[in-house]
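Undergrad: I'll drop the sequence and a predicted model, then ask my questions.
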Amino acid sequence: MRLLFYHSASEWSGSSRAFSVAAQGLAVKGATVTVVCRADSTAEQAFASQGLDVVPLQITDSVSRDAWRLRTVLKDRFIEVVFLHSEREQLVASSAMRLAERGAVIRRIAAGAAESAGRGSRLATRMAASRLLFSTDMDRANAGAVDRAFVAPLAVNIETADEMRMTSRGTLGVEQGTQLMVCVADRKAKSRITTALRTVALLAPRHPELRLALVGSGCDDDDTHMHASALGVTSLVRFLGERDDMAAVVGAAEVGWVAAEGDDGAFGCLDFMAAGVPVIAERSPLLSLYVPDGIAGVLLPPAHPNDTAATVANFLADNNQRLAMGKAGRARVAREFTESAMIEGYVAAASAAGDRTLWTAR
């Protein structure tokens, strides 16, 4: 089957990573896979670094121009199915397929999110056959679209996590004796990033070896730097920003803090657990699916810095508890979040969308 992953965002995110894992897995299974992404972007560089066949395109503010450019790729590569994320991407790809007179689309909904079915989405479904792809059974059930929806659970590679953990502290330049807490965040997690910074400020006097690494979009902007400075903890914090080598970062931690939601939050939980790192996070329906409270980590109510600081202090002081939770999390990932299950979900969705009898019913 000839598949295309359409990714118009410029930054690298958990959603980008989901497509990267899926594209590589489908290629291994024999599919011909193409990735179309924004030219000269962080995402283009990251996809290319994975050895994928990348076609960079200029992404504009015009749906018609973008659709015409994509149409050329669809025809040249004889694409049958396009995977994408956003409503706008669906409209662009469906328009391109109408022009190319071929194909179907699969819209992947980020973990914990709901399908936005606005005017553009409704128009797109009239131009090209479509399916939905979710990351959890809960999301699919909440959408009420079981008849045309599939599930591909997010997953991480345990072996890769093991390899990265062996060298991760050296890769990040973490000094011996440092107690490193890594916080995975995104642009929507400002308040939770603030809680992490305040927690470090509260713990620093009694834990001089404690350091915090912030990783993810929005972690290296001016507001975050200014807040750290106001709390007097700038020297204790590393602002890592977006990274496409998340396993190398989380593997260096004694404690993992997940401040992000959506795909970034889900992958953060899985990365920490795969690396044997206990997780701290504010309780949410999505993160509760990944982290069993009290077993692989601790899920807190909406955080108050003093309460969170006490929890982190207990983690840092109790090495046996950290080891036990880390082992439990790692076993859970190895048992329930395998890449083979994720790829099979994509295969099932692609096979259904590739039914050519549906392409003409537009």
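TA: Looks like it arrived, so ask away. Numbers count the residues shown, from 1 in each chain.

Undergrad: How about the contacts made by Cys219?
TA: Neighbour list for Cys219: Cys183, Ala185, Ile193, Phe239, Leu240, Gly241 [criterion: Cβ atoms under 8 Å, 6 or more residues apart in numbering]. Placement of C-beta: from N, CA and C, glycine included.

Undergrad: now with 10 Å?
TA: 183-187, 189, 193, 196, 213, 225, 237-243, 259-260 (Cβ atoms under 10 Å, 6 or more residues apart in numbering).

Undergrad: Check Met127 too.
TA: Counted by Cβ under 10 Å, 6+ apart, Met127 has contacts Ala67, Gln90, Leu91, Ala93, Ser94, Ser95, Ala96, Met97, Arg98, Leu99, Val105, Arg362.

Undergrad: where along the protein do the strands fall?
TA: With DSSP state E as the criterion, the chain has strands at 2-7, 32-38, 54-57, 81-84, 104-108, 129-134, 149-151, 179-184, 210-215, 237-241, 255-258, 279-282, 297-300.

Undergrad: Can you say which of those is packed in most?
TA: Comparing these by mean neighbour count (mean count of other Cβ atoms under 10 Å), strand 255-258 comes out on top with a mean of 29.

Undergrad: Quick one: mean pLDDT over it.
TA: For strand 255-258, mean pLDDT rounds to 92.

Undergrad: again, but for stretch 83-92
TA: Rounded mean pLDDT across stretch 83-92 is 95.

Undergrad: next one: that stretch to chain centre, how far?
TA: 17 Å (Cα atoms, centre = their mean, to the nearest Å).

Undergrad: could I have it exported to PDB, CA atoms only?
TA: Extracted in PDB, the C-alpha atoms of stretch 83-92 (Å, rounded to 0.1, in the frame of the first residue of the first chain):
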ATOM      1  CA  PHE A  83      -2.800  10.200   7.500                       C
ATOM      2  CA  LEU A  84      -3.100  13.700   9.100                       C
ATOM      3  CA  HIS A  85      -4.100  15.400  12.300                       C
ATOM      4  CA  SER A  86      -5.900  18.800  12.000                       C
ATOM      5  CA  GLU A  87      -9.200  19.900  10.400                       C
ATOM      6  CA  ARG A  88      -7.300  22.200   8.100                       C
ATOM      7  CA  GLU A  89      -5.000  19.400   7.000                       C
ATOM      8  CA  GLN A  90      -8.100  17.200   6.300                       C
ATOM      9  CA  LEU A  91      -9.600  19.900   4.100                       C
ATOM     10  CA  VAL A  92      -6.300  20.400   2.200                       C
END
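
Undergrad: picking that back up, possible to save the strands of the chain as a markdown table with distance to Asp318?
TA: Shown next, in a markdown table, are the strands of the chain (distance: least, Cβ to Cβ, whole Å):
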| stretch | distance to Asp318 |
| --- | --- |
| strand 2-7 | 42 |
| strand 32-38 | 44 |
| strand 54-57 | 46 |
| strand 81-84 | 44 |
| strand 104-108 | 39 |
| strand 129-134 | 37 |
| strand 149-151 | 37 |
| strand 179-184 | 12 |
| strand 210-215 | 15 |
| strand 237-241 | 24 |
| strand 255-258 | 11 |
| strand 279-282 | 13 |
| strand 297-300 | 12 |
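
Undergrad: Show me how the record splits the protein into domains.
TA: Using automatic domain parsing, the domains assigned to the chain come out as 2-155+340-359, 158-337.

Undergrad: distance between the ends of the last one?
TA: It refers to domain 158-337. Distance across domain 158-337, first residue to last, is 10 Å (Cα to Cα, to the nearest Å).

Undergrad: and what of stretch 198-207?
TA: 14 Å.

Undergrad: Gly177 and His207 touch, don't they?
TA: No: using Cβ atoms under 10 Å, Gly177 makes no contact with His207, being 11.6 Å away.

Undergrad: Mean pLDDT per helix and strand in the protein: which one sits at the bottom?
TA: Every helix and strand of the chain was ranked by mean pLDDT, DSSP states H and E. The lowest is helix 356-359, at a mean of 66.

Undergrad: ok so, going back, looking at Gly177 and His207, which has the bigger crowd around it?
TA: Comparing Gly177 with His207 by other Cβ atoms under 10 Å, the one with more neighbours is His207, at 18 against 6.

Undergrad: I'd say the more buried one and Ala313 touch.
TA: Yes: using Cβ under 10 Å, His207 is in contact with Ala313, at 7.2 Å.

Undergrad: now the helix ranked longest in the chain: how far from the chain's centre is it?
TA: Ranked by number of residues, the top helix in the chain under DSSP state H is helix 319-336. Averaging C-alpha positions (Cα atoms, centre = their mean) puts helix 319-336 21 Å from its chain's average.
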